[in-house]
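1. Sequence first, then the predicted structure:
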Amino acid sequence: MSNAGDTTIDYTQYINDVTDTPTSGHELQWSNPVIEYNNNNVPINAHLIIKERIPMSPSGYTIKYSYLRIYAENGLFIWRNNNNGYCTVYARTETGVLQYTTATESNYYNGSDEFTACLSSKKEWTTATSMTWEFYREQYVISLDIDAPIFPVNNMPENYWDTGNTDGSIDIKKSQLNFTVTVQPTFDGVITVTWNVPDDLLKQMQYVNIYVSPGDESVNKVLLAGKINYKTGKYLTSYYDCSQKLGAGYIGTFTMFINAEYNDASVTPLMYARLEKGKKPMFWGAGELTEPIYTDICTITVKIAGKGNKPDAIKPPADNNPTDPDAETDIDDNKIMERGANLATTYKITEQQLKQIGEKLWSFSITDIRLNLSSAPIENIVSIKLMPIAQSSSQVSQILVGNMDTGVTGNIVNTINPRVIGTVDVPGYYNNFLDYEPYTQCSIYLPFAGFKSLQSNYIIGHAVSVKYTYDVVTGSCKIAILSDNKTFAEFDAQCGIDLPLTSSNRAQIESAQLTSFVGAVTTGNIMPLLDTAIKTPTYNSTGSSNSTCAAQMRLKCFITVDRPVADLPYSFPHDVGVYCGITCQIGKLSGFTMCNPNVDLSGIPCLAAERDMLLDILTSGFYA
Amino acid sequence: MQVILYCNLSDKKTKDKIKTQLTQPISASPKGDIDILHPEILLTYDPAYITGNVNYCYIADYGRYYFVNTPTLLTGGEMLLSCEIDVLSTWAQYVNNIATLIERQEFVNSPLVSDKKYILRNDRYIDRYVIGSALTEQGYYLTVNGGAEKNE
């Protein structure tokens, strides 16, 4: 079947020839293809020679040969031309749209006025012109693409090529057309062709055409065996009938072509069946079945692309741009609101410095105390806290308490201090719904705040960080819980321990001191006063005792994950199945399957009782 | 009518049954009125049918597969097969093309959607993940009224 002399199949070097823009008067002729076959002797590929006849000045012609690669790809245009058998093929190139015209006299075609051309779509136009053809016995049957729009005769899809605009395409809703060819097991009985026409195609589909062709390759004949109204849904024939149609006494292999005819376009073919007495039929087609199969029954699903109005399925929201480097992160956000620098000053001091300050404060003479009574230095102490944080600061200053220089230096620090305690990855255990609420509960232990419940969907599978922001003046802290650097929970706690130098009962102290002072003056014995003042002041803590207690408690921060214990037998998925919730074609599944009770069983030509039985089986579970 | 007998190894709920063909198409006749869903057919007895464990058949005239519930040996060398239709295998090609919402599946599932049929024990796992210590160091902080005199 190969074209004699066409042994070179390296078409790529000729591609540029094909893409040359022909000028007026050019003619193209298409040769027989060089066909490649698979192991089952089924043609799978082909290469054409294009003879381009170019007019020469002043007269005569020169012939330029080009090769054209033909192979199956996604994205095709398809339209037909019944105008006296002439076929116009439009080819998209990198430089523009070319129009090649050839006539039925060219030896590529068998003379019938049934011809459909397919051209690749925009996405395929990187190097070459492409077509999709399939061959059987030199019948050039062109595959139907399932994704690209279909354009009618003489409607150039330039806009689609250039911009993807599908205006002008035939509006065929996306649907499926299922054809089943059944050959009785005896291989010599009835041949049944059935098809399932979805409702959304009913208005457009008119006929199903069944063609037969003799298997004898020397006989070049294709006959229309039946033109059946689509509503019939079934076509019955037999080997005998086919043989009669092909000629009295014809015995042997023959091929069936099946296609559908629409109001405004024809799409061919849908499937083929090669039938031979005593042998299993061989089916192949342009739908989902791409490789020939040998079987008694064959179903081919043809998806027809178009402008459907079916709403898209609702998909869960995606993460909020998790890879965006500019995405907000809270863990490094350490902007703080500082108190006025001149209103109060906070020093970080050591324990020794604190003792020195204390001694200094209580070492004033009675005269100093009396003279400074209305502005005692201790009144100027806002707070002294022991905090679970050690700030570093290079700003060193003499510590002034009121108008008294303590003679002690301290580091001036910020009053608000953020600190990340740490980060931990909390993995899922089951990696399914059991890792989340209400099955899995998470809580966190926060030092100074205790146990707090957290939503597990923020915890499982995330990096969880804890950030404390301390206020060294009040001793409070704000605790932020972050999931992947995003804050999702906050808590307040008291973490500073008040030290007994400032007190709410300062007035009592001063009152006691004054009483002692007056008593001492009247008795002439001032030593008890000094002893009391220096050694035994009666202070109450101004802070909450909670922080003191909390400081004695566990100071490690941790997350507890309270998980269920699933006890699934190994046969559970096989016996019961696992929740699916996915729309899927049953034929693509295997194993235990249970359909939704509202499964649509339309299109099955079975009895009503059988439909009920099917519904019961499909919805109660079966093995696909 | 023409009947093919099989030995079926698959569960009734299996769509694509694993079966061994015991015979080529053989002649059989219906017994009495025919219920196409539960036909009873008479055929010539062959011991191979019993030894081959016939339990399934295809009746070409009806284009349907059937479970053979009760093969009964009759006097006169005949065998009566009481059949029950296997709608799943009979219409398998159509069923295969149905695209629908699958509630439960053995291999395809949505792991993040709750499955009420999971078997859960009453006890629990408790895992603990330590984040860090809130007290790695400490310090004394004195806050006084007024600004400080810088003395660096």
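-> Nice, I can see it.
2. mind listing what B:Met79 touches?
-> Neighbour list for B:Met79: B:42-46, B:49, B:71-73 [criterion: CB atoms under 8 Å, 6 or more residues apart in numbering or on different chains]. Where you see a C-beta, it was placed from the backbone N, CA and C, and this is true even at glycine.
3. these two touch, right, B:Asp115 and A:Val578?
-> Yes: counting by CB atoms under 8 Å, B:Asp115 does reach A:Val578; the two are 6.1 Å apart.
4. bridging residues for A:Lys348?
-> Following DSSP bridges, A:Lys348 is listed with bridge partners A:Asn411, B:Tyr141.
5. Run a quick neighbour tally on it.
-> Close neighbours of A:Lys348, defined as other CB atoms under 10 Å in any protein chain shown, add up to 22.
6. The lengthiest strand in chain B pairs with which strands, and in what direction?
-> As assigned by DSSP state E, the longest strand anywhere in chain B is strand B:120-133. Partner strands and pairing direction for strand B:120-133 (DSSP bridges) are strand A:556-566 (antiparallel).
7. ok, and for the partner strand, which residues are buried?
-> The neighbour-count check on strand A:556-566 (16 or more other CB atoms under 10 Å in any protein chain shown) flags A:557-559, A:561, A:563-564, A:566 as buried.
8. do stretch A:583-601 as well
-> For stretch A:583-601, using 16+ other CB under 10 Å, the buried residues are A:584-587, A:589, A:592-596, A:599, A:601.
9. can you pull out the strands in chain B?
-> Counting by DSSP E, the strands of chain B are B:2-8, B:19-21, B:26-27, B:29-30, B:40-44, B:56-59, B:64-74, B:78-85, B:99-105, B:120-133, B:139-145, B:149-150.
10. Out of the ones you listed, the one nearest A:Val464 is which?
-> Smallest distance to A:Val464 across these (CB to CB): 6.9 Å, for strand B:120-133.
11. Might you specify the subset of the buried residues of stretch A:583-601 located within strands?
-> Cross-referencing the buried residues of stretch A:583-601 against strands under DSSP E gives A:584-585, A:592-595.
12. Take these and write them to CSV, including pLDDT.
-> Supplementary listing: those in CSV, determined by pLDDT from 0 to 100:
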residue, pLDDT
A:Cys584, 79
A:Gln585, 84
A:Phe592, 91
A:Thr593, 92
A:Met594, 93
A:Cys595, 94
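13. Could you single out the nearest of those to A:Pro573?
-> Ranked by distance to A:Pro573 (CB to CB), these are led by A:Phe592 at 6.9 Å.
14. Quick check: neighbours shared by B:Asp115 and A:Val578?
-> Taking CB under 8 Å, 6+ apart as the criterion, B:Asp115 and A:Val578 both touch B:Asn109.
15. any idea how far A:Asn229 lies from chain B?
-> According to CB to the nearest CB, to the nearest Å, A:Asn229 and chain B sit 21 Å apart.
16. Mind pulling up the pLDDT for that residue?
-> At A:Asn229, the model reports a pLDDT of 73.
17. same check, this time on the one 5 residues further on
-> Turning to A:Lys234, the model gives it a pLDDT of 73.
18. Repeat that for the one 5 residues further on.
-> Looking at A:Tyr239, its pLDDT reads 67.
19. can you check A:Leu501 too?
-> Per-residue confidence at A:Leu501 stands at 59 (pLDDT).
20. so whatever residue of the stretch 301-450 of chain A ends up closest to chain B, which of the three states?
-> Distance from chain B to each residue of the stretch 301-450 of chain A (CB to the nearest CB) is smallest for A:Gly422, at 2.7 Å. Classification of A:Gly422 using DSSP: H, G, I helix; E, B strand; the rest coil returns strand.
21. go on, A:Thr192?
-> Reduced to three states with three-state DSSP, the structure at A:Thr192 is strand.
22. for A:His574, same thing?
-> Assigned by three-state DSSP, the conformation of A:His574 is helix.
23. Run a quick neighbour tally on it.
-> By other CB under 10 Å, 13 other residues sit near A:His574.
24. How about B:Asn145?
-> Residues lying near B:Asn145 (other CB under 10 Å) number 15.
25. just to revisit the earlier point, and the strands of chain B, which one's lowest on average pLDDT?
-> strand B:149-150 (a mean of 48).
26. ok, back up a step: farthest-separated two in the ones in strands among the buried residues of stretch A:583-601?
-> So, these by CB to CB: farthest apart are A:Gln585 and A:Phe592, at 16.4 Å.
27. Filter the contacts of B:Met79 down to the buried ones, ChimeraX style.
-> Those of these that count as buried under 16+ other CB under 10 Å are selected in ChimeraX with:
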select /B:42,43,45,46,49,71
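28. Need the contacts of B:Met79 in a markdown table (columns: distance to B:Ile4).
-> Formatted as a markdown table, the contacts of B:Met79 follow (distance: CB to CB, whole Å):
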| residue | distance to B:Ile4 |
| --- | --- |
| B:Leu42 | 16 |
| B:Leu43 | 11 |
| B:Thr44 | 15 |
| B:Tyr45 | 16 |
| B:Asp46 | 13 |
| B:Tyr49 | 12 |
| B:Pro71 | 15 |
| B:Thr72 | 19 |
| B:Leu73 | 20 |
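29. which one among the contacts of B:Met79 gets closest to chain A?
-> Nearest member of these to chain A, counting by CB to the nearest CB, is B:Leu43, at 16.6 Å.
30. dump the residue contacts of the closest residue to that closest one other than its chain neighbours.
-> With sequence-adjacent residues excluded and distances taken as CB to CB, 6 or more residues apart in numbering or on different chains, B:Leu43 is closest to B:Ala28, at 3.9 Å. Residues near B:Ala28 by CB under 8 Å, 6+ apart: B:1-3, B:41-43, B:59, B:81.
31. measure B:Ala28 to chain A for me?
-> Separation of B:Ala28 from chain A (CB to the nearest CB): 15 Å.
32. Now do the same for that residue: its pLDDT.
-> Reading off the model, B:Ala28 has pLDDT 92.
33. Appreciated, that's everything.
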